[in-house]
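**Q** with the input below, show me the fold.
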Amino acid sequence: MSDLVVIARFTYRHDGEFARGFLEGAGIPSQLAVDDAGGHVTFSNVATLVVREEDVEEARRVLEAADIDVE
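**A** Purely as a prediction, here's the structure:
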């Protein structure tokens, strides 16, 4: 089983969903973990995007090409 690696963190859920869409379009499986206090803005990193360890390099390339900051 592959380990999951945090690829990016977002203040707003919709930014994480947007980034995840780029990965999905590139065929890279990902998960978005969201802690948004029931929809309320908390001004912290409420959305964390993770990918499998073997997909990290390709995921970084895809997100950087879309001008999305990665870790």
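**Q** where along this protein do the strands fall?
**A** With DSSP state E as the criterion, the chain has strands at 4-10, 30-34, 47-52.
**Q** please identify the most buried of the ones you listed.
**A** With neighbours defined as mean count of other Cβ atoms under 10 Å, the strands of the chain peak in mean count at strand 47-52, which reaches a mean of 21. For every residue, glycine as well, the C-beta is placed using N, CA and C.
**Q** and it, what does it pack against?
**A** The helices and strands touching strand 47-52, judged by 3 or more Cβ pairs under 8 Å, 6 or more residues apart in numbering; DSSP states H and E, are strand 4-10, helix 13-25, strand 30-34.
**Q** any stretches of the chain with poor pLDDT?
**A** Within the chain, the set of residues satisfying pLDDT under 70 comprises 1, 36-45.
**Q** centre-most residue in it?
**A** residue 49 (2.5 Å; Cα atoms, centre = their mean).
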